[in-house]
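Participant: missing the sequence, but the structure's below:
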């Protein structure tokens, strides 16, 4: 019995500790102690810098130059929705944390509709959501637009205690269900979604644009 409990403890440690401690092997060109998810610099004017980029100010081209790697750019749309223009990294090192990263580009609905009309191909993702590949001319245009939000899905599962240890107490806690909660940090422009049944999600915007994260949550809670 003691052996079984010790084994469980080791498994838990193996899952959680990578979020706290640097990996032993460094990746070339990557500083494991820089650009970590909890390292958010504020400029005192409603702006922020996270992962070396400034949400709401830096263009997609500038963000990609900082983050490196290959990002897939496309319009992601559910049925009967215009959709959003996004750049997706399947795996990206953020300091010593590996994560999926989604960059939401600040494109107007009218521009997205025009891009959809010129699009080359649409693919179905999970459920009925579609991923619409852009025309080459629109890929060039997308590079010039600012990135308004950054979404991060760490490869390790996090619980609320882990989040609190790294980010501190939230400004607001919105309970969605017994197993899903939003921890809101408006002064940092951050929403951390802790989900006992799924993957955790960290969403970053400039603090002055925090309503982009909070208002949809309030509308959702009103509709329940």
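Facilitator: Arrived safely. None of these values were measured; they are calculated from a predicted model.

Participant: give me the low-pLDDT residue ranges for this protein?
Facilitator: When the per-residue scores of the chain are filtered using pLDDT under 70, the ranges that remain are 1-32, 124-127, 220-224.

Participant: and it, split by domain according to the record?
Facilitator: 47-148, 157-224 (automatic domain parsing).

Participant: now those as CSV including distance to residue 36 and mean neighbour count?
Facilitator: Bear in mind the C-beta positions are built from the backbone N, C-alpha and C, glycine included. Output for these, formatted as CSV (distance: least, C-beta to C-beta, whole Å; neighbours: other C-beta atoms under 10 Å):
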stretch, distance to residue 36, mean neighbour count
domain 47-148, 4, 17
domain 157-224, 9, 16
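
Participant: which residue ranges of this structure form strands?
Facilitator: Assigned by DSSP state E, the strands in the chain fall at 40-42, 48-50, 72-77, 84-94, 97-105, 121-124, 130-133, 147-154, 172-177, 180-185, 190-195, 201-204.

Participant: gap between the residue positioned nearest the centre of the chain and residue 120?
Facilitator: What sits nearest the mean C-alpha location of the chain, by C-alpha atoms, centre = their mean, is residue 151, with 1.1 Å. With distances defined as C-beta to C-beta, to the nearest Å, the gap from residue 151 to residue 120 amounts to 25 Å.

Participant: likewise residue 215?
Facilitator: Here residue 215 is placed at a distance of 33 Å from residue 120 (C-beta to C-beta).

Participant: same check on residue 104?
Facilitator: Counting by C-beta to C-beta, the gap between residue 104 and residue 120 amounts to 21 Å.

Participant: with residue 71 instead?
Facilitator: Residue 71 sits 18 Å away from residue 120 when distances are taken as C-beta to C-beta.

Participant: ditto for residue 35
Facilitator: Using C-beta to C-beta, we find residue 35 at a distance of 34 Å from residue 120.
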